[in-house]
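# can you look at this prediction? I've put the sequence above it.
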Amino acid sequence: IIARRGEKAGGASRESILLNASAKLLGTMLQAVATAAAAALLAAPAAQAFYLPGVAPQDFSPGALVKLKVNKLTSHKTQLPYDYYSLPYCKPMHFEFTQENLGEFLTGDRIENSPYTIYMIENTYCNVLCKKKLSGHGALSVRDAIDEEYHHNWIVDNLPAASEVDSEEFITTSYSEGFPVGYKEDGKHYLYNHVTLKLDYHTVREDPALFRVVGFKVEPFSVQHTFKDPDAAWDGTKGDVPPLKTCHVDKVMDYQDPSQRPPQTVKAGETVIYTYDVFWAASSVRWASRWDIYLTMDNAVPNRVHWFSIINSLLIVLFLTVMIAIILIRNLYRDIVRYNAQRDEDGDETGWKLVHTDVFRPPSEFRMLFCVCVGTGAQVIACALLTVLFASVGFLSPANRGSLMVALLLLYALMGSVSGYVSARLFKTFKGKTWQRCTSLTAFLFPGICFVTFLMLNVMMASYHSTGAVPFTSMLSLVGLWLFVSVPLVFLGAFIGYRREPIEFPVRFSVTPRPIPDQPWYLSTYMVLLVGGVLPFGACFVEVFFIMSSLWMGQYYYVFGFLFIVLVILLVTCAETAIVFTYFQLCNEDYRWWWRSFMVPGSTGLYVFLYSCLYFSRLEANLTVTYFLYFCYMVLVSGGITLITGTAGFLACLAFTRKIYSSIKVE
């Protein structure tokens, strides 16, 4: 259009105008890369500097009761969370359940009160909690939990418990998985029945008489408790407990050789006495920074790893941008000059100009499905960008359990109008008439597959009596969010999109499609799909590892500033990859670019799934249900990545083809 106006005005030639336009387009791409790099410099520190804990601080006076709550028992081996009191632990007189949101139910959280009593800045030692006699079933449950490496997840003042496991050789500290149920040594199982609760407090600056909890660690011990008086007996009721020989009332328990203090074995008929110490220590850590050590895992993963990911992604984008520059400024300019000269001389058309009467012909197969995939991909892209953006500025804090899941579900439902609009307008461009059917597929296909898979897995988890099974009321909330929010918005967006004019193309397609010559082997469908996803996956594989660790290993992920930049770079990489492959395809007179422009970058999802197969070995799974849980969810995640990357590639190719074919002279 610019070139035609220039000719009418008697200005610069079409070729020079195209060269300027190509240079501007290249400049825009380079500006996007530079913006991504600058944003990385700003967003990464912002993820720490502007982190919002998400809850108001709670102040305690000396001697005030500090509640200890217990959450689910978790294991990365089974991925099946269980209720804390499913094992033979001491129970409170009355159960109190913490009110939970939909996101907590979906992640299997079940937060309850406990019989442990803690008072602000009051150290107590060798507190006897209760006595339990292990039945045959109870002993078997504990042994299974130890074999499957289940961990406790305790909470004090909304702060999760870090674990500090002491051994003869070293001390192991973990900030993400809680502390283990017990351990196994020489074929025998030992239960951790004594814990030292190490709590840090910080004095409130405005009122020195008030204090705040800023740290919480649990150091577990396995102790075969005995009384000082061999003839002493205790029935386990709340009364005078005979003094114990195996712990001190004036100091915390420390590690001793098992030969000096035998550990608590797990056997049927064995009597277990549960005890605990409480130790307070002053800390210079402020309340607003108390989550930092959890999120950084005590600097176990330095920021330079994420910077490596950013630099690696930027190098890939720079490489692709240079290729695009060569195509746009050199090859395309030369092609357009030659094609326009051939038209003036009535020469034979070759290359990508030869298929100008077929390049915008709608795909011959699965047109409606193509529109549905692009529309759903646009919805997932919008949802992902907004979710990561909100998380990167601190609105979705780990302190608000389940907030990330709730935000993801709400934003996906609200972005239904985007999918409806994109799919309906594209379907109208393909001259489709049954837009209601296309819209219905957009509203129900991908969410329906996810829901059916989730429902099947939920039934399996319920059969294991796992807390990961979502309650019926929460399931109704999920279905209501889908049917009464997302679906109407999809139809609203489709109604608006179908009323708009179809997408205009610079050239018309002929009635009869031209034959497609044989393609070289390196442009075969399987080859381009195999190669097309390598660069996009290479741009994000470092962050994929950390996200997988967060999903399946219980680790915290908080560097959403880095993730947002990587996501933007991934979209740019997919767009440039699709443009390169589409140009080569059109140069070989193959005009079937619609599906290929979607599937070439979409094969990134295939590489993510293959990587997840390799990552699965880290779980050391030993249950069939774990295989189902892991691979079913990873198929859904990989499918979502395919929709994101495929849609980004197709939209870029659509703009690219419209641009180059509007710059040549055609009959």
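Arrived safely.
# in the protein, which helix is the longest?
For the chain, the helix reaching the highest residue count under DSSP state H is reported as helix 624-661.
# now the helices for the stretch 351-500 of the chain?
367-392, 403-414, 416-429, 435-463, 472-481, 487-499 (DSSP state H, counting those that start in this stretch).
# CA atoms only for the shortest one, dumped as CSV, please.
Written as CSV, here are the backbone C-alpha positions of helix 472-481 (Å, rounded to 0.1, in the frame of the first residue of the first chain):
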residue,chain,number,x,y,z
PHE,A,472,-17.3,-32.1,45.3
THR,A,473,-18.1,-28.5,46.2
SER,A,474,-14.8,-27.2,44.8
MET,A,475,-15.4,-29.2,41.6
LEU,A,476,-18.8,-27.5,41.2
SER,A,477,-17.0,-24.1,41.6
LEU,A,478,-14.6,-25.1,38.9
VAL,A,479,-17.3,-26.2,36.5
GLY,A,480,-19.3,-23.0,37.3
LEU,A,481,-16.3,-20.9,36.4
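# what packs against that helix?
On a contact count with 3 or more CB pairs under 8 Å, 6 or more residues apart in numbering; DSSP states H and E, helix 472-481 meets helix 102-106, helix 403-414, helix 435-463. (Glycine included, C-beta is placed from N, CA and C.)
# against which helices or strands is the second one packed?
This means helix 403-414. Packing partners of helix 403-414 (3+ CB pairs under 8 Å, 6+ apart): helix 102-106, helix 367-392, helix 472-481.
# can you lay out these as TSV showing mean neighbour count, mean pLDDT and distance to E543?
Listed next are those as TSV, based on neighbours: other CB atoms under 10 Å; pLDDT from 0 to 100; distance: least, CB to CB, whole Å:
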stretch	mean neighbour count	mean pLDDT	distance to E543
helix 102-106	21	81	22
helix 367-392	23	95	11
helix 472-481	14	90	28
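# reformat those into a markdown table and put distance to I326 next to each item.
Shown next, in a markdown table, are those (distance: least, CB to CB, whole Å):
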| stretch | distance to I326 |
| --- | --- |
| helix 102-106 | 47 |
| helix 367-392 | 28 |
| helix 472-481 | 48 |
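# which of the helices of the stretch 351-500 of the chain sits closest to F628?
helix 435-463 (6.3 Å; CB to CB).
# which positions within that closest one qualify as buried?
435, 438-444, 446-447, 450-451, 454, 457-458, 460-461 (16 or more other CB atoms under 10 Å).
# got the angle for it vs helix 403-414?
Using axes from the mean of the first three to the mean of the last three CA atoms, to 10 degrees, the interaxial angle of helix 435-463 with respect to helix 403-414 works out to 160 degrees.
# for Y125, which of the helices and strands packed on helix 403-414 is the nearest?
Nearest to Y125 among the helices and strands packed on helix 403-414 is helix 102-106; the distance by CB to CB comes to 34.2 Å.
# list the contacts of that closest one.
111, 401-406, 409, 470-471, 474, 477-478 (CB atoms under 8 Å, 6 or more residues apart in numbering).
# buried only: go through those residues for me.
Among the contacts of helix 102-106, those buried by neighbour count (16+ other CB under 10 Å) are 111, 401-406, 409, 470, 474, 477-478.
# OK, contacts around the residue most central in space within the chain?
By CA atoms, centre = their mean, the chain has its centre lying nearest to I547, at 5.3 Å. Contacts here follow CB under 8 Å, 6+ apart; on that basis I547 touches 557, 563.
# next up, phi/psi of it, please.
In this entry, I547 is assigned phi and psi values of phi -70, psi -40 (degrees, to the nearest 10).
# before we move on, the earlier item: rank the helices and strands packed on helix 472-481 by mean pLDDT and give me the bottom one.
Sorting those by mean pLDDT places helix 102-106 lowest, at a mean of 81.
# what's downstream of it, the next helix or strand?
strand 112-119 (DSSP states H and E).
# which strands or helices does that next one pack on?
Packing contacts for strand 112-119, counted by 3+ CB pairs under 8 Å, 6+ apart, involve strand 65-70, strand 124-133, strand 194-203, strand 271-282.
# centre of the chain to that strand, how far?
Here the centre of mass of C-alpha atoms in strand 112-119, compared against the chain's by CA atoms, centre = their mean, to the nearest Å, lies 33 Å away.
# residues contacting that strand, please?
Strand 112-119 has contacts (CB under 8 Å, 6+ apart) with 63-71, 83-85, 90-98, 127, 129-130, 154, 156, 197, 199, 276, 278.
# now stretch 228-242
By CB under 8 Å, 6+ apart, the surrounding residues in contact with stretch 228-242 are 128, 130-132, 227, 243-245.
# could you do stretch 584-597 as well?
Taking contacts as CB under 8 Å, 6+ apart, the residues outside stretch 584-597 that touch it are 351-352, 354-355, 358-359, 361-366, 370, 514, 516-517, 519-520, 523, 525, 528, 578, 581-582, 649-650, 652-654, 657.
# show the buried residues in those.
Burial by neighbour count, 16+ other CB under 10 Å: within the contacts of stretch 584-597 this picks out 352, 354-355, 358-359, 361, 363, 370, 528, 578, 581-582, 649-650, 652-654, 657.
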